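Chemist: 3D model of this:
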Amino acid sequence: MNRSRRIASPRAVNIEDLRRLARKRVPRVVFEFIDGAAEDELTLAANRTAFEALTFRPRHALALPTCDLRTTLLGCDISLPVLLAPVGSARVMHHEGEVGIARAAGAAGTTYILPTTSGYPLEDVKAASSGPLWYQLYLIGGREAAEATLARASRAGFSALVVTIDTPVAGMRERDLRNGLKELAGRNLLAKIPFLPQVLVRPRWLLNLLLDGGVPMLPNVVVPRQKPLPLLDVGAALERAAVTWEDFRWIRQVWDGPIVVKGVLTGEDALRSVDHGAGAVVVSNHGGRQLDCAPASLDALPEVVNAVGGQVEVLMDGGIRRGSDVVKAICLGARAVLIGRAYAYGLAAAGAAGVERALEILRADLDRTLRLLGCQSVAGLDPSYLNIRRE
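Modeler: Modelled structure (predicted):
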């Protein structure tokens, strides 16, 4: 049996178990990059509190031999309404990185959204997956670099483009500063010294990183006539790469497939997304990693659903840790949810096997919650299954 599979399996009963395993497997700087958020992390906490505040209204004395977890997104069938969000620096969390994530998502019959900041070429990720893949776009390197990458993604068979609109600059992630993320990823050897002990106490992770070539370049961000962008240059590059509504005219010209707008928190931005050609929107506060004191994604979801009025599909992310969370989001109008930290913990703990375990946990949770609610399918969920306070 594969050692990583042994690590991920019987000891991980829920996502929090994967989180604890991840803390033990990777250096503090890597774990807290996954686990942390912006400033006082109020939005990070609010994402969980919003789910915890909602209770169910179950229907009892019903026999449900099977529950249908399937749904359709942008015309593509998936086996459960849980997609894997774009999470950057995955190859640093575990050497299997985005290739392992894509393999796990395909095995689960769901969609993986590959980040611009992938450590693996998008062609390699596509080859590893048996499921649908979407590509997430930052304008790092400018339009010329992005256009070349989008052409590659289209040729490789990525079926949708996810445009993240909430990152004009990186959020103030104070844990990363304290842990020396910039110094450890940088080139100044003397600057690394104060932060090295946290890395040296994880020798297996360090050996795998070194055998994998160290901190990766970004093979999907290639400015013409230059080498791929180094991962350590991403922060500065993001500040020169803000996506604006004016960019969508160009995006529609260079991308033939569906466009998904990620980072929507208001009805106004949802309608702008529709006006600019979106086929779906993702209600998201970036996991609390950008603007602290932004609303919980679940709290913003009803406004966005009401604003678009069925014109486009609505997804959401932020705070998903249980199958019951998935159910609550769908009851409030989401077609599906995205998970980020929930599978990143699994990746850090055990590579692709950990991601598989995260999806197995959520699938079992989702099925059990539907049975206990007395609802035979995710398509049958609606607000009547929730106790919603009316203002």
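
Chemist: can you give me the helices in the stretch 251-391 of the chain?
Modeler: 267-275, 297-308, 323-331, 341-350, 352-373 (DSSP state H, counting those that start in this stretch).

Chemist: so which elements touch the third one?
Modeler: Secondary-structure packing of helix 323-331 (3 or more CB pairs under 8 Å, 6 or more residues apart in numbering; DSSP states H and E): helix 42-52, helix 297-308, strand 336-339, helix 352-373. Yep, even glycine has a C-beta here, placed from its N, CA and C like the rest.

Chemist: kindly report the same for the last one.
Modeler: Secondary structure elements in contact with helix 352-373, counted by 3+ CB pairs under 8 Å, 6+ apart, are helix 3-8, helix 15-25, strand 82-84, helix 97-108, helix 323-331, helix 341-350.

Chemist: now what about the last one, what contacts it?
Modeler: Taking contacts as CB atoms under 8 Å, 6 or more residues apart in numbering, the residues outside helix 341-350 that touch it are 4-5, 7-8, 12, 15, 18-19, 21-22, 24-26, 30-31, 34-35, 84, 87, 90, 93-94, 96-97, 100-101, 104, 287, 320-321, 353-359, 362.

Chemist: among those residues, name the buried ones.
Modeler: Neighbour-count burial (16 or more other CB atoms under 10 Å) applied to these gives 4, 7-8, 12, 15, 18-19, 21-22, 25-26, 30-31, 34-35, 84, 87, 90, 93-94, 96-97, 100-101, 104, 287, 320-321, 353-359, 362.

Chemist: for Ala242, the count of nearby residues, please.
Modeler: When neighbours are counted by other CB atoms under 10 Å, Ala242 registers 14.

Chemist: okay, now the unreliable bits of the chain?
Modeler: For the chain, the stretches with pLDDT under 70 are 1-10, 390-391.

Chemist: do you know how far the spatially most central residue of it is from Val163?
Modeler: In the chain, the residue lying closest to the centroid (CA atoms, centre = their mean) is Ala85, at 2.2 Å. For Ala85, the distance to Val163 equals 14 Å [CB to CB, to the nearest Å].

Chemist: the residue of the chain most remote from its centre is in what secondary structure piece?
Modeler: Within the chain, Ala61 marks the point farthest from the mean C-alpha position, 37.1 Å out by CA atoms, centre = their mean. Under DSSP states H and E, no helix or strand contains Ala61.

Chemist: quick one, phi psi at it?
Modeler: phi 60, psi 40 (degrees, to the nearest 10).

Chemist: tell me which of the helices of the stretch 251-391 of the chain lies nearest to Gly180.
Modeler: Closest to Gly180 of the helices of the stretch 251-391 of the chain is helix 341-350 (CB to CB; 18.2 Å).

Chemist: for the closest one, what is the distance to the chain centroid?
Modeler: Chain-centre distance of helix 341-350: 11 Å, with CA atoms, centre = their mean, to the nearest Å.

Chemist: got the angle between it and helix 352-373?
Modeler: Put simply, helix 341-350 runs at 140 degrees to helix 352-373, going by axes from the mean of the first three to the mean of the last three CA atoms, to 10 degrees.

Chemist: okay, angle between helix 341-350 and helix 15-25 too, please.
Modeler: The directions of helix 341-350 and helix 15-25 differ by 40 degrees, with the same axes, to 10 degrees as the criterion.

Chemist: can you start the count at 132 instead of 1 from here on
Modeler: From this message on, residue numbering opens at 132, which makes the last subject helix 472-481.

Chemist: would you mark the buried spots in helix 472-481?
Modeler: 472-481.

Chemist: one more: stretch 380-393?
Modeler: 382, 386, 388-393.

Chemist: what of stretch 290-309?
Modeler: 290-298, 301-302, 304, 306-307.

Chemist: quick one on the thing from earlier: just checking, the residue nearest to the centre of the chain touches Asp448?
Modeler: Yes. Contact criterion CB atoms under 8 Å: Ala216 and Asp448 qualify, at 5.4 Å.

Chemist: any residues in contact with both of the two?
Modeler: Shared contacts of Ala216 and Asp448 (CB under 8 Å, 6+ apart): 469-471.

Chemist: among those residues, the buried ones, what's the ChimeraX command?
Modeler: Restricted to buried positions by 16+ other CB under 10 Å, the ChimeraX selection for the shared contacts of Ala216 and Asp448 reads:
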select :469,470,471
